[in-house]
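Trainee: make a model of this:
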Amino acid sequence: MIISTSAAAPQRQPSAARRTAAVAAAGAMTLVGIGLMAPTAHAAESDISFSNVVFNNGKPIVVGISAEVEAPLTYTVKSNVTLDDWWVDAYRTNGSTRYTLSISTTQWGCRQSSAGGYTYRDCDETMTIDPDGMPGGNGGKLVNSDATNWNSLGTGIKKGGSYDTDLLSATVRLQRASRIQNMNASPEPVTKGKTITVTGTVQRANWSLHRYDNYGDRLVKLQFKPAGSSTYTTVKSVTASSTGYLKTTVTASQDGTWRWRYSGNSTTGASNSAADYVDVN
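Mentor: The predicted structure is shown next:
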C-alpha cells in the first residue's frame, strides 16, 4: 500500500459554485446545490464509491436564525479512475427537487493511499451552513420542517467529462437552536435561609419566520454551582408555562451561581441560560 498526504493549503469554496462548474465542465445538468433539478443518482459505481461518511462527529447540527454554523465532515472516496473533483453533502427532497445543505466547504486535506488498483482518499472537511443562505430548496432558507434527518450523497467528477452521484446511507440530524432568556435569581444579596426566586423564558428558533419564539411546556433543569467550584449540579426540574415562562423558588444556603439547563429534543438543540451569581449573607 502506498500512502501520501495532501500538502495543499486548505481551500474554502462555495459549494454551489464548485459543483456547478464541475458538472458544467462534465457537460451535465446543473446540480441542485443552486436549486434546479437534480441529476439522476444511482447505486455506487464500481469505479467510484464513498464510505465512512460522518457529519459533525455523529452529533446533530444545531442552527439558529442568522449565524452561520460550521460542522466537521469526514469521508473516504475510493476510485480506480482519475477524478477532477469530488464532494459529499447532506440533502433533502422537495417534490422532484433535491437540495443540499452546505453553502461552502473547507477541505483541510485528503490522506491518499493505493491498494488493489484503487486510490483511497480519506478527506477531512468543514461544511458551513447558513439558515438564510441555503443553496436551494425552500426559497433559499431553512424552514421548520428541515429540523429532521437529512440524507447524504457523494459526487465524483471523472477526468474527461462524466460523473457519478451516489445516494449514501449516512444521515445527519438538523436541529433548531434553543435559548433561555431573562435569567434572574433574586434577591441579591440574600440572607441565608431566605427564599431565592429564579425566573427565565425558554425560546426556540423559528426558521420559517426568522425569529425566536417562546417555547412552552418544556421540562428545564435548575442548576447550581457553589462558589469555588467548577461543576453545576441539578437542584430541581421545572416545567415551563405554555408561554415558555419559568419560575421557581429555592432556599438560600451558600454563595454560588444559578443557571437554567434545557436538554433539547429530537428537533431542538440543548442550551444553557446565562449564569447569575447570588451572594448569601
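
Trainee: CA atoms for contacts and neighbours, from now on please.
Mentor: Will do.

Trainee: got a pLDDT number for Gly133?
Mentor: pLDDT, Gly133: 84.

Trainee: same check, this time on Gly95
Mentor: In this model, Gly95 carries a pLDDT of 79.

Trainee: repeat that for Ile34.
Mentor: 36.

Trainee: same deal with Thr148?
Mentor: 97.

Trainee: and if you look at Ser241?
Mentor: For Ser241, pLDDT reads 98.

Trainee: distance of it from Arg179?
Mentor: Look at Ser241 and Arg179: by Cα to Cα, to the nearest Å, they are 15 Å apart.

Trainee: please identify which of the two sits among more neighbours.
Mentor: Legend: neighbour count by other Cα atoms under 10 Å for Ser241 and Arg179, higher for Arg179 (23 against 17).

Trainee: follow the chain on from the helix or strand the more buried one falls within and name the next helix or strand.
Mentor: Using DSSP states H and E, Arg179 sits in strand 178-186. Using DSSP H and E, the helix or strand that directly follows strand 178-186 along the chain is strand 195-206.

Trainee: which non-adjacent residue is nearest the residue nearest the centre of the chain?
Mentor: By Cα atoms, centre = their mean, the chain has its centre lying nearest to Ile61, at 2.0 Å. Excluding the flanking residues, the one nearest Ile61 by Cα to Cα, 6 or more residues apart in numbering is Leu174, at 5.0 Å.

Trainee: and if you look at Asn151?
Mentor: Thr171 (4.6 Å).

Trainee: so how far is Ala90 from that neighbour?
Mentor: 7 Å.

Trainee: equivalent analysis for Ala147, please.
Mentor: In terms of Cα to Cα, Ala147 sits 13 Å off from Ala90.

Trainee: OK, contacts around the residue lying closest to Thr100 once chain neighbours are set aside?
Mentor: With sequence-adjacent residues excluded and distances taken as Cα to Cα, 6+ apart, Thr100 is closest to Tyr91, at 4.2 Å. Tyr91 makes contacts with Arg98, Tyr99, Thr100, Leu101, Trp150, Asn151, Ser152, Leu153, as judged by Cα atoms under 8 Å, 6 or more residues apart in numbering.

Trainee: the host helix or strand of Tyr91: what's the following helix or strand?
Mentor: Assigned by DSSP H and E, Tyr91 belongs to strand 83-94. Sequence-wise, the next helix or strand downstream of strand 83-94 (DSSP H and E) is strand 97-100.

Trainee: give me the sheet partners of that next one and which way each runs.
Mentor: strand 83-94 (antiparallel) (DSSP bridges).

Trainee: buried residues of the partner strand, list them for me.
Mentor: If you call a residue buried by 16 or more other Cα atoms under 10 Å, then strand 83-94 has these buried ones: Leu83, Trp86, Trp87, Val88, Asp89, Ala90, Tyr91, Arg92.

Trainee: list the residues that contact the second one.
Mentor: Under the criterion of Cα under 8 Å, 6+ apart, the contact partners of Trp86 comprise Gly154, Thr155, Gly156, Ile157.

Trainee: now do the SS call for the first one.
Mentor: Using DSSP: H, G, I helix; E, B strand; the rest coil, the structure places Gly154 in strand.

Trainee: which residue packs closest to it, ignoring adjacent ones?
Mentor: Per Cα to Cα, 6+ apart, closest to Gly154 is Val88, 4.3 Å.

Trainee: host element of the residue nearest to Asn151?
Mentor: Judged by DSSP H and E, Thr171 forms part of strand 163-176.

Trainee: for that strand, the averaged confidence score.
Mentor: Per-residue scores along strand 163-176 average to 96.

Trainee: ok, and for the strand holding Arg179, which residues are buried?
Mentor: So, applying 16+ other Cα under 10 Å, buried residues of strand 178-186: Ser178, Arg179, Ile180, Gln181, Met183, Asn184, Ala185, Ser186.

Trainee: from these, pick the one nearest Arg121.
Mentor: Ser178 (37.0 Å; Cα to Cα).

Trainee: and stretch 176-193, how far from the chain's centre?
Mentor: 29 Å (Cα atoms, centre = their mean, to the nearest Å).

Trainee: again, but for stretch 140-155
Mentor: Taking mean C-alpha positions (Cα atoms, centre = their mean), stretch 140-155 and its chain are 10 Å apart.

Trainee: what residues does that stretch touch?
Mentor: 50, 86-92, 130-134, 163-176, 206-208, 266-268.
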